[in-house]
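*Asks:* 3D model of this:
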Amino acid sequence: MRHWQYFQSDKTTLQLTFIFLLGAIVLLINGCSSPVNIMGSPQQLEKQSILPVEDSKELPAVIRNLMDLADKQYFESRVSDAVATLERAIRIKPRYPEIWSRMAYIYAQLGQPSQASQYAQRSNSYINNNQLLKQFNDELIQPSQRSSY
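*Replies:* Residues are numbered from 1 along each chain as shown. Presented below is the predicted three-dimensional model:
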């Protein structure tokens, strides 16, 4: 009878070990993409942004979500999707300079400096007091002005 109790205990330990190993394998297969640490609490994942400056805190959630999606699409090399997402954001709220600056940057990366310059100038027209964003836009405008001389 005692042997049966030890067997049950060993069986439970074996089952728990198997579950643990299975979970570890799943995490390895998924590239540990889960934002949960060992203690089970969420970690802040650093998101990538097209812009080197912070977005305004006044952005509506819908615009913030669209810009985050565009950033993600851009960094996944889905540039045309990112442009479409930003165009959608522009149709919803055209007066946010961060949207226009993202478009300017993407067109600059695509080798279209005149298009980039137009978007950067539009962004500058909506900037109130964000000197870093204006400086970023001015850097995108300059190459276009140099090539037009």
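*Asks:* how is this structure carved up into domains?
*Replies:* 1-45, 61-148 (automatic domain parsing).
*Asks:* going by mean pLDDT, which of those comes out lowest?
*Replies:* Looking at the domains of the chain, the lowest mean pLDDT belongs to domain 1-45 (a mean of 56).
*Asks:* N130 and S56 touch, don't they?
*Replies:* Yes - N130 is within contact range of S56, at 7.2 Å (criterion: Cβ atoms under 8 Å). Yep, even glycine has a C-beta here, placed from its N, CA and C like the rest.
*Asks:* neighbour count winner among these two?
*Replies:* N130 (20 against 15; other Cβ atoms under 10 Å).
*Asks:* so that one versus K47, what's the distance?
*Replies:* 19 Å (Cβ to Cβ, to the nearest Å).
*Asks:* ok, S80 next?
*Replies:* S80 is 21 Å from K47, by Cβ to Cβ.
*Asks:* next: P60.
*Replies:* For P60, the distance to K47 - Cβ to Cβ - is 18 Å.
*Asks:* so between these two, which is more surrounded?
*Replies:* P60 (12 against 9).
*Asks:* which ones are touching that one?
*Replies:* K93 (Cβ atoms under 8 Å, 6 or more residues apart in numbering).
*Asks:* so where do the helices sit in the protein?
*Replies:* Assigned by DSSP state H, the chain shows helices spanning 2-29, 61-75, 79-92, 97-109, 113-126, 131-148.
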